[in-house]
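Colleague: Got a predicted structure here, sequence first:
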Amino acid sequence: MTPFAVYKPKWPSAPVHQALTAIVSIVMLAGCSSGPKVPDWKINAIGHIERFTEAYLKGDHRVEAREFELARAETARTGKPDQVARIELNRCATRVASLVFEPCTGFEQLRADAGDAERAYADYLDGRILTAAQAALLPEHHRAVAAGAASAALPPADDPLGRLIAAGVLLRRTQASPAVVEQAVETASHQGWRRPLLAWLGVQARLAEQRGDAAEAARVRRRMDLVQPLTSPATP
């Protein structure tokens, strides 16, 4: 069983970023069962993945960097490029959710040895429209968006990170409607995820400005000011 099979059962039919509460249950059941013991590296990697994902979304770069390196180190001990590739993809997915559109360099260094599902997911994060065969390798809730379906819905509310990732992919393609932006804002707000919330509020403010709604743009920017972390006063 791969680390991502523990983190997200039945890859690729469940999202890379599926509910973290399920992870704990899976690990506990594995530990209590009479079957083979789950290797420590898998359990350790799960915890580090959870922490670096949450830290990035909350805006804590220091914790995110440390936990990412630990997650990568745990999977690298297996010598399996596909496992490390999934760690890199998980990190890049948080960037797309937060509208940081940059090359997924860590994954690209491993692309040649990654599987078809990993390569398809990387292309999806990059904003490319996938073929039907490629889209079928992705989590079910992402397939319509991945294939470029005009009426594709975002993943459901019980997969908040998946919803933000899909919205980010649409924005990267310049296909995100105001309704998609609103859904992304409310999803990030509900989770208390500062980094994606600020990014999506910025999009919302620009849309208001473009349609000449100065009052709405000002309201959204006041909300952004509220979300910004407080800075400590300078020491005399």
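Modeller: That came through fine.
Colleague: which SSE is residue 127 in?
Modeller: Counting by DSSP states H and E, no helix or strand carries residue 127.
Colleague: May I ask you to confirm that it is in contact with residue 176?
Modeller: No. The criterion here is C-beta atoms under 8 Å, and residue 127 misses it with residue 176 at 11.1 Å. (C-beta placed from N, C-alpha, C; glycine too.)
Colleague: Run a quick neighbour tally on residue 139.
Modeller: 25 (other C-beta atoms under 10 Å).
Colleague: Next: residue 133.
Modeller: When neighbours are defined as other C-beta under 10 Å, residue 133 has 9 of them.
Colleague: OK, contacts around it?
Modeller: Contact analysis of residue 133 by C-beta atoms under 8 Å, 6 or more residues apart in numbering lists nothing.
Colleague: Excluding sequence neighbours, find me the nearest residue to residue 223.
Modeller: Nearest residue to residue 223 in three dimensions, chain neighbours excluded: residue 201, at 5.9 Å (C-beta to C-beta, 6 or more residues apart in numbering).
Colleague: what separates residue 132 from residue 120, distance-wise?
Modeller: As defined by C-beta to C-beta, to the nearest Å, residue 132 lies at a distance of 11 Å from residue 120.
Colleague: Kindly apply the preceding question to residue 152 instead.
Modeller: Distance from residue 152 to residue 120, by C-beta to C-beta: 16 Å.
Colleague: Show me what counts as buried in the longest helix seen in the chain.
Modeller: When every helix of the chain is counted residue by residue (DSSP state H), the longest turns out to be helix 40-58. By 16 or more other C-beta atoms under 10 Å, the buried positions in helix 40-58 come out as 41-58.
Colleague: Next: stretch 110-119.
Modeller: Neighbour counts over stretch 110-119 (16+ other C-beta under 10 Å) mark 110, 114, 117-119 as buried.
Colleague: first to last residue in it, what's the distance?
Modeller: One end of stretch 110-119 to the other measures 10 Å (C-alpha to C-alpha, to the nearest Å).
Colleague: Do a quick rundown of the helices in this structure.
Modeller: Here the chain has its helices, by DSSP H, at 3-7, 20-32, 40-58, 61-76, 81-97, 105-108, 116-125, 132-135, 143-146, 160-172, 178-191, 194-210, 214-227.
Colleague: I am finished for the moment; much appreciated.
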